[in-house]
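Q: Need coordinates for the following:
(one chain, ligands or ions: 2)
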Amino acid sequence: MTPAIPGPSQESVRPLLRPGSRIFVAGHRGLVGSALVRRLAADGHEVLTRGRDELDLRDAAPTEAFLRESRPDAVVLAAAKVGGIMANSTHPVQFLEDNLRIQLAVIAGAHAAGIRRLLFLGSSCIYPKHAPQPIPESALLTGPLEPTNEAYALAKIAGIVQVQSYRRQHGASYISAMPTNLYGPGDNFDLETSHVLPALIRRFHEAKRDGAGEVTLWGSGSPRREFLHVDDLAAACVRLLESYDGDEPVNVGCGEDLTIRELAETVKEVTGFRGAIVWDTSKPDGTPRKLLDVSRLSSLGFTPRIPLRDGIARTYAWWLGAHATVG
Ligand SMILES: NC(=O)C1=CN([C@@H]2O[C@H](COP(=O)(O)OP(=O)(O)OC[C@H]3O[C@@H](n4cnc5c(N)ncnc54)[C@H](OP(=O)(O)O)[C@@H]3O)[C@@H](O)[C@H]2O)C=CC1
Ligand SMILES: C[C@H]1O[C@H](OP(=O)(O)OP(=O)(O)OC[C@H]2O[C@@H](n3cnc4c(=O)[nH]c(N)nc43)[C@H](O)[C@@H]2O)[C@@H](O)[C@@H](O)C1=O
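A: Ligands and ions are numbered 1, 2, ... in the order given. Now for the predicted structure:
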């Protein structure tokens, strides 16, 4: 990335998050948005929300009108077209266009409405497929992307540059965070479109329930991934809103990764499934490794609290409860 250009963003006193702020969480029904709502409300902030049925955030004019009318102190952009490896590779048009449109509408709308603080959520897939590990923020735009999620990654990169451009041109106090793979209550458990962790919980649970002898998982099991519980992500976002005002994005992860095979063994144990695991190598592996360098976040005093195994057990318990509720 190019170095930060000194400009108005470095000169004025920063309007960072104050106690009792009014914060618009875009995407409040999602995995991340719902965790942010819980966390911000618990911290005493007033949270504004709009469902997609009331406001389609791809539509610029109504989005700007809503932001002008409601004038929150801050916006957190957690609304996006999101999915796992299969959804990304089969629907690149929606992953590119929906995300570009949402980002254009919300970030430009926030600026037009005079909103002074905004946090944009990108993703660790913005980094090159063969980036050095752990991946520093400076690896952005240094090499080719992973093909299975290139469209999504390019939309997210455009979001980062949009945020940086509002900082540089207008002195806006807008920032970007790049979370690693997330999981937790409120995740998507649809087997075609979900990320790996909820898919594994569901596959092992259903195999145990049905007395199946084996569970088939995608790929070779050898890719490495880093997983962060969404409540830790929400805490990191609050920390960034309170204390970070830089031009560069900030990686948000736990600093440790494991193979998908090791993850599968852990989820298998948590769910109590006793059969075999079969790997379907006709399915894509995706990027070989994606471990974030979290030293910038650590220097802000943030440490995640939820160990992976506990987080998986809590998510499994949540899903069983939510599942029972909806029948
Ligand atoms: N999940 C993960 O592992 C990771 C996620 N992230 C990032 O975190 C952010 C949130 O992701 P996550 O919570 O997992 O995603 P979810 O799919 O769980 O939630 C996305 C939310 O965005 C809303 N939304 C989508 N399109 C529109 C639209 N056109 N208008 C209004 N609302 C819309 C959805 O509304 P509705 O409920 O109506 O569908 C939903 O509430 C995204 O930016 C994502 O890139 C980054 C790294 C990893
Ligand atoms: C967060 C991140 O998420 C996406 O990237 P990803 O990490 O590659 O996605 P994933 O969670 O779907 O898979 C991780 C690994 O797990 C393997 N795997 C095994 N069995 C299942 C399975 O049953 N389902 C899924 N989904 N994967 C499986 C799968 O083959 C892969 O090797 C990006 O598209 C992008 O959107 C992004 O930013």
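
Q: Could you see whether ligand 2 lies near the helix or strand harbouring Phe204?
A: Using DSSP states H and E, Phe204 sits within helix 196-210. Yes - using CB under 6 Å from any ligand atom, helix 196-210 reaches ligand 2 at Val196, Ala199. All C-beta spots, glycine's among them, are computed from the backbone N, C-alpha and C.

Q: Identify the residues contacting that helix?
A: Contacts to helix 196-210, defined as CB atoms under 8 Å, 6 or more residues apart in numbering, come from residues 84-85, 181, 183, 187-189, 191, 194, 212, 214-218, 225, 227, 260, 263-264, 267-268, 270-275, 312, 315-316, 319-320.

Q: in it, what's buried?
A: Within helix 196-210, the residues scored as buried using 16 or more other CB atoms under 10 Å are Val196, Leu197, Pro198, Ala199, Leu200, Ile201, Arg202, Arg203, Phe204, His205, Ala207, Lys208.

Q: can you redo these as CSV with distance to Leu55?
A: Output for these, formatted as CSV (distance: CB to CB, whole Å):
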residue, distance to Leu55
Val196, 31
Leu197, 30
Pro198, 27
Ala199, 30
Leu200, 34
Ile201, 32
Arg202, 31
Arg203, 35
Phe204, 38
His205, 35
Ala207, 40
Lys208, 41
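
Q: Kindly indicate which of these lies nearest Asp231.
A: Relative to Asp231, the closest of the buried residues of helix 196-210 is Leu197; by CB to CB it sits at 14.4 Å.

Q: neighbours of Asp245, just the number please.
A: Using other CB atoms under 10 Å, Asp245 is surrounded by 16 other residues.

Q: Which residues of the stretch 151-300 of the chain lie near ligand 1?
A: For the stretch 151-300 of the chain, the contact set with ligand 1 under CB under 6 Å from any ligand atom comprises Pro179, Asn181, Leu182, Asn188, His195.

Q: Quick check: the two most widely separated of these?
A: Going by CB to CB, the pair spanning these furthest: Pro179 and Asn188, at 15.3 Å.

Q: So those two - more neighbours on which side?
A: Set Pro179 next to Asn188 and count neighbours by other CB under 10 Å: Pro179 wins out with 23 against 17.

Q: how much space between the closest residue to Leu104 other than its chain neighbours and Thr193?
A: Leaving out its chain neighbours, the residue that sits closest to Leu104 by CB to CB, 6 or more residues apart in numbering is Ala60, at 6.4 Å. Using CB to CB, to the nearest Å, one obtains 26 Å as the distance from Ala60 to Thr193.
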